[in-house]
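**Student:** Quick one, what's the 3D model for this:
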Amino acid sequence: MRKLLIMVCAIAAIAFSGCSVTQKAPVTGRTQLVLISAEQEKQLGLSEAENILKTSKLSSDRALTARVVSVGKRIVAAYPEAQGYEWSFYLLDDPTINAFALPGGKVFFYTGILRLMANDDQIACVMGHEIAHVLARHGSERMSQQMLSNAGSQALANAIGVPSKYQSLYETAYGAASNLGVILPFSRKHESEADAIGVSLMYKAGYNPNEAVRFWQTMAANKGGATPEFLSTHPSDERRIKDIEGYIKNLK
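**Tutor:** Numbering: from 1, shown residues only. Purely as a prediction, here's the structure:
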């Protein structure tokens with residue numbers, strides 16, 4: 001059984017590494033596989049945004065909301081490639097320290113994360129990061145990877161002749177291999193890439209990129225026990241800060 005697990009893990013890794021290239025990410029130029037069309041992506045984002053707005057409370061702080069919207073508009077205005085999206089920026093009344101973007105251009109900030117931001121440059125740091133996810137189509141790329149993972153599970157089982165009585169064990173082994181070996185590292189790659197693109201976006205929009213380092217230092221100081229990096233969808237704080245410092249040095 002151990003040999004079967006090793007074989008499944010190895011074949012899964014090979015299957016993922018052989019993906020076809022369909023486009024390149026902005027700024028970094030990384031090659032990507034995206035199986036979902038831009039229109040499908042847009043509709044998925046719009047649908048999810050509607051659900052969020054129905055179940056969440058928007059902040060009543062008009063001044064704070066205006067700051068978030070202003071920073072978002074300034075960043076997309078400074079980047080020509082961002083003009084084809086339907087951007088909207090929202091501030092949710094929620095103490096959670098978080099922000100996220102949906103495919104197509106809907107960006108959400110929580111009031112909780114703003115309390116850690118000392119200025120608009122730090123808002124721009126996170127805003128640039130979230131806009132970067134949209135521009136690089138990370139959501140669609142992740143969904144494409146999951147589609148391949150689901151399809152690959154059965155294909156590999158047939159290819160290596162897994163006996164029916166071991167099918168459940170195989171599915172567990174394949175899922176663990178694809179999750180730890182591909183899906184999570186791929187997500188960390190997306191987070192690091194969004195940092196690289198985001199630093200470039202905030203810089204082009206006239207914000208101070210050095211504030212990105214200060215913000216992530218603040219985030220690190222406000223964390224409790226951190227999830228081990230190899231089991232996390234985000235890079236470690238130490239690595240993230242070091243990488244951002246490198247991105248700033250290479251800004252043009």
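**Student:** and Asn222, how far is that from Phe215?
**Tutor:** 11 Å (CB to CB, to the nearest Å). Quick note: C-beta positions are derived from backbone N, CA and C, even for glycine.
**Student:** okay, the two: which has more neighbours?
**Tutor:** Neighbour count, other CB atoms under 10 Å: between Asn222 and Phe215, Phe215 has more, with 23 against 10.
**Student:** surely the more buried one meets Asp120?
**Tutor:** No - if you go by CB atoms under 8 Å, Phe215 and Asp120 don't touch, sitting 11.4 Å apart.
**Student:** where do the strands sit along the stretch 101-250 of the chain?
**Tutor:** 106-110 (DSSP state E, counting those that start in this stretch).
**Student:** which residues of the stretch 1-150 of the chain score low on pLDDT?
**Tutor:** Scanning the stretch 1-150 of the chain for pLDDT under 70 picks out 1-22, 144-150.
**Student:** Please spell out which residues along the strand or helix carrying Gly45 are buried.
**Tutor:** When elements are assigned from DSSP states H and E, Gly45 belongs to helix 38-55. For helix 38-55, the neighbour count (16 or more other CB atoms under 10 Å) marks Glu41, Lys42, Leu44, Gly45, Leu46, Ala49 as buried.
**Student:** Run a quick neighbour tally on the closest residue to the first one other than its chain neighbours.
**Tutor:** Taking CB to CB, 6 or more residues apart in numbering as the measure, Glu41 lies nearest to Pro103, with 4.2 Å between them; neighbours along the chain are not counted. Around Pro103 there are 24 other residues, counting by other CB under 10 Å.
**Student:** if we can go back for a sec, what residues does the helix holding Gly45 touch?
**Tutor:** Outside helix 38-55, the residues within contact range by CB atoms under 8 Å, 6 or more residues apart in numbering are 36, 86, 88, 90, 92, 102-106, 108, 137, 139-140.
**Student:** Out of those, list just those in helices.
**Tutor:** Using DSSP state H, Gly139, Ser140 are the members of the contacts of helix 38-55 that sit in helices.
**Student:** Columns distance to Tyr203 on top of the contacts of helix 38-55, output as JSON lines?
**Tutor:** Rendered in JSON lines, the data for the contacts of helix 38-55 read as follows (distance: CB to CB, whole Å):
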{"residue": "Ile36", "distance to Tyr203": "30"}
{"residue": "Glu86", "distance to Tyr203": "24"}
{"residue": "Ser88", "distance to Tyr203": "23"}
{"residue": "Tyr90", "distance to Tyr203": "24"}
{"residue": "Leu92", "distance to Tyr203": "27"}
{"residue": "Leu102", "distance to Tyr203": "24"}
{"residue": "Pro103", "distance to Tyr203": "24"}
{"residue": "Gly104", "distance to Tyr203": "24"}
{"residue": "Gly105", "distance to Tyr203": "21"}
{"residue": "Lys106", "distance to Tyr203": "24"}
{"residue": "Phe108", "distance to Tyr203": "23"}
{"residue": "Arg137", "distance to Tyr203": "22"}
{"residue": "Gly139", "distance to Tyr203": "24"}
{"residue": "Ser140", "distance to Tyr203": "26"}
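**Student:** What subset of the contacts of helix 38-55 is buried?
**Tutor:** Buried members of the contacts of helix 38-55, scored by 16+ other CB under 10 Å, are 36, 88, 90, 92, 102-106, 108, 137, 139-140.
**Student:** ok, those residues vs Leu116, which is closest?
**Tutor:** Nearest to Leu116 among these: Leu92, at 15.5 Å, using CB to CB.
**Student:** Pro26 touches Gly128, doesn't it?
**Tutor:** No - here Pro26 lies out of contact with Gly128, judged by CB under 8 Å, at a distance of 11.9 Å.
**Student:** When those two are compared, which one has more neighbours?
**Tutor:** Shown here are Pro26 and Gly128; by other CB under 10 Å, Gly128 has more neighbours (29 against 19).
**Student:** Not counting residues beside it along the chain, what's closest to that one?
**Tutor:** Here the residue nearest Gly128, using CB to CB, 6+ apart, is Gly198, at 3.3 Å.
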